[in-house]
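Q: Sequence and predicted structure below; questions after.
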Amino acid sequence: MSGFCSRYTHRGRRLTLAVVLVLSIVLLTACGEKKTTPTAEPNSEVNYDRGADLTGVVRTIDTANGVVTFYNPVLDADETFLYNSATSIQSVNSEEMVMEEVSEGEVYDLYLDQPGGNLSMMRAKSDVVEETDARVIVDPDRGMLTIDGATYSYSNAMVALSDGKAIDPMEVTSMDRVTFRGAQGRAYSLIVTQGHGYIEPTEYADFIGGTLTVQGEAILPVTEGMLLTVPEGRQTIYMRNGDLESQAVASVTRNQVAQINMKDSMTQRPNTARVTFHIHPEGAEVYVNGTMVDATKPVPMYYGVHSLRVVLEGYNTYQGTMQIRDPEPVIRIDLAEEVAKVEDSDSDTESDSDTSTPDPARSEVMDDDGTTQTPSSVDYDVDHKITVSAPDGASVYINGSFKGVAPCEFTKCLGEVTITLQKEGYETKSYSMDIIDDSEDTTISFPDLKANG
């Protein structure tokens, strides 16, 4: 009995130890599942970039009050923020800058110290397309503009400035130079770096019906009441009519009108030609320097460059220029449905076309001094009209030629033109437009002019 009890006691001890061991393992395992690792404190030496709060295009900077106004392309609206000496301003290469180095039209990623708070950091946006000294074509109907062949959508709320003043993007003409910024097919800013002004010739009645050349770049017919839109800077104007010629120089300031007296330098030159025209088919109207002539007999004409237009219903209009160097030149023009063909005689007379209707935008003529000039590229749809309905009372000019006082209508011109609006006591404005040949009348209403001062 004692042996049995002894064996039972040993077995009981072993069983008790086994149970204790199992329970210990279970408890340890359970405790291990509940065990957590303490959260480490953030490393103050590491910068945690939470991302920009918004992208902004600089519109105005008020350093005296520590205020910057940005255009927000997402909201298509302006937002204003305060900054101070603690605000970090960084270039695209993360170099520290000061606010005096920031320019209107630049694009920055903006970081705020709290939602709706002050600027804590401005960092130049890296993925922005920037074009300098560029020409822009603005299409207001589609809300698009083209820079170096690339097209971007734009809003009238975008940053568009000239001399620090806000402008409508449509006011940027094809002759202006701009700094452009945009990204992902959207325009952010358009800053005019070289703009345009105006030249108003005076005392030039003797040249009406002749031709006018601006700095060797454009040939226009001389008409009454001209106002020329030209690039700012020093510009030279030439006028010719028969044996009369004049040259004047003007210093053109952006958006300002410069008057030049063409009579002061007027001179007379000899050499008169008698030009014979052979037009097929018969009955066409022939215009030399904008004036209809009787082409059934020799037309007296002085040596030099003259504009020429031949119109006949049912045929394509021929428009070009000719340079007269021979006393008795013969000009042959064959009008057709598709092309107009021009053939010169064997005399020393030149025309800007040979076998087809010239494209005035690409044709060239050689002046007496050997310089190459490009004639005006305007064509006409004589069956339709352009009506300028506003602003009321403004004088309307097409490529420098007076057309009337708004509201007014005139023969529809085609192609890229510059429309200038002038009214006493108000700022003069120019707009570049592409008038398409859609066989319809066109009505245009421009914004009101701003009063001077």
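A: Alright, I've got the coordinates. In this text, all values refer to a predicted model and were calculated from it rather than measured experimentally. Residues are numbered from 1 along each chain as shown.

Q: Now do the closest residue to Tyr204 other than its chain neighbours: how many residues are near it, please.
A: Using CB to CB, 6 or more residues apart in numbering and skipping residues adjacent in sequence, the residue nearest Tyr204 is Met262, 4.0 Å away. Using the backbone N, CA and C atoms, a C-beta is placed for each residue, glycine as well. If you count neighbours by other CB atoms under 10 Å, Met262 ends up with 23.

Q: so Met262 sits right up against Val249, yeah?
A: No. With contacts counted by CB atoms under 8 Å, Met262 stays clear of Val249, the gap being 11.5 Å.

Q: Check what pLDDT the closest residue to Met170 other than its chain neighbours gets.
A: Closest residue to Met170 apart from its sequence neighbours, by CB to CB, 6+ apart: Pro140 at 4.9 Å. pLDDT, Pro140: 88.

Q: again, but for the one 5 residues further on
A: Model confidence at Leu145, given as pLDDT, is 93.

Q: That one reaches Arg135, doesn't it?
A: No. Here Leu145 does not reach Arg135: they are 10.7 Å apart, not a contact under CB under 8 Å.

Q: Neighbour count for those two, which is higher?
A: Legend: neighbour count by other CB under 10 Å for Leu145 and Arg135, higher for Leu145 (25 against 16).

Q: quick one: contacts for the more buried one?
A: If you count contacts by CB atoms under 8 Å, 6 or more residues apart in numbering, Leu145 has them with 136-139, 151-152, 154, 169, 187, 190.

Q: would you list the residues you listed in TSV and tack on secondary structure?
A: Converted to TSV, these look like this (DSSP: H, G, I helix; E, B strand; the rest coil):
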residue	secondary structure
Val136	strand
Ile137	strand
Val138	strand
Asp139	strand
Thr151	strand
Tyr152	strand
Tyr154	coil
Pro169	helix
Ala187	strand
Leu190	strand
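
Q: Just the buried residues from those residues, in PyMOL please.
A: Selection of buried members from the contacts of Leu145 for PyMOL, criterion 16 or more other CB atoms under 10 Å:
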select buried, resi 136+137+138+152+154+169+187+190
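
Q: quick one: contacts for the residue most central in space within the chain?
A: The centroid of the chain falls nearest to Val136 when counting by CA atoms, centre = their mean (2.9 Å). Neighbouring residues of Val136 by CB under 8 Å, 6+ apart: 145-147, 172, 176, 178, 180, 190.

Q: Now do it against Val57, distance only.
A: Note on Val136: its distance to Val57, by CB to CB, to the nearest Å, is 16 Å.

Q: hang on, isn't the residue nearest to Met170 packed against Glu171?
A: No. Contact criterion CB under 8 Å: Pro140 and Glu171 do not qualify, at 10.4 Å.

Q: okay, those two: which has more neighbours?
A: Shown here are Pro140 and Glu171; by other CB under 10 Å, Glu171 has more neighbours (19 against 15).

Q: State the phi and psi torsions of that one.
A: Torsion angles at Glu171 (phi, psi; degrees, to the nearest 10) stand at phi -80, psi -10.

Q: Tell me the pLDDT of it.
A: Per-residue confidence at Glu171 stands at 92 (pLDDT).

Q: Asp294 now?
A: On pLDDT, Asp294 comes in at 89.

Q: Pull the number of nearby residues for it.
A: Using other CB under 10 Å, Asp294 has 9 neighbouring residues.

Q: roughly how far apart are it and Phe277?
A: Counting by CB to CB, the gap from Asp294 to Phe277 is 10 Å.

Q: And Ala160, by the same measure?
A: Plainly put, Ala160 is 49 Å away from Phe277 if you go by CB to CB.

Q: More neighbours: which of these two?
A: Ala160 (27 against 21).

Q: correct me, but that one touches Val178?
A: No. At 9.1 Å, Ala160 does not count as touching Val178 under the criterion of CB under 8 Å.

Q: which neighbours do those two share?
A: Residues within reach of Ala160 and of Val178 at once, by CB under 8 Å, 6+ apart, are 172, 190-191.

Q: Among those, which one lies nearest to Gln90?
A: Within those, proximity to Gln90 (CB to CB) peaks at Ile191, which comes in at 21.4 Å.

Q: Let me see the contact set for that closest one.
A: With contact taken as CB under 8 Å, 6+ apart, Ile191 is in contact with 104-105, 159-162, 178-180.

Q: Just give me the neighbour total for the closest residue to Val310 other than its chain neighbours.
A: Counting by CB to CB, 6+ apart, Val310 lies nearest to Tyr318, which is 4.3 Å off, once chain neighbours are set aside. By the measure other CB under 10 Å, the count of residues near Tyr318 is 24.

Q: Quick check, Tyr318 in contact with Ile333.
A: Yes. Judged on CB under 8 Å, Tyr318 makes contact with Ile333 at a distance of 5.8 Å.

Q: so what's Arg254 up against?
A: Neighbouring residues of Arg254 by CB under 8 Å, 6+ apart: 162-163, 195-197, 232.

Q: rerun at 10 Å
A: Going by CB atoms under 10 Å, 6 or more residues apart in numbering, Arg254 touches 162-163, 176, 192, 194-198, 231-233.

Q: Save those as CSV, and put in distance to Pro281 too.
A: Converted to CSV, the contacts of Arg254 look like this (distance: CB to CB, whole Å):
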residue, distance to Pro281
Ser162, 51
Asp163, 54
Asp176, 44
Val192, 49
Gln194, 48
Gly195, 48
His196, 43
Gly197, 46
Tyr198, 43
Pro231, 43
Glu232, 48
Gly233, 48
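
Q: if you skip the residues just before and after it, what's nearest to Pro115?
A: Asp53 (7.7 Å).

Q: Would you agree the one you found is in contact with Met122?
A: No. Using CB atoms under 10 Å, Asp53 is not in contact with Met122, being 11.0 Å away.

Q: Compare the two and say which one has the larger neighbour count.
A: Neighbours were counted for Asp53 and for Met122 using other CB under 10 Å; Met122 has more, 26 against 19.
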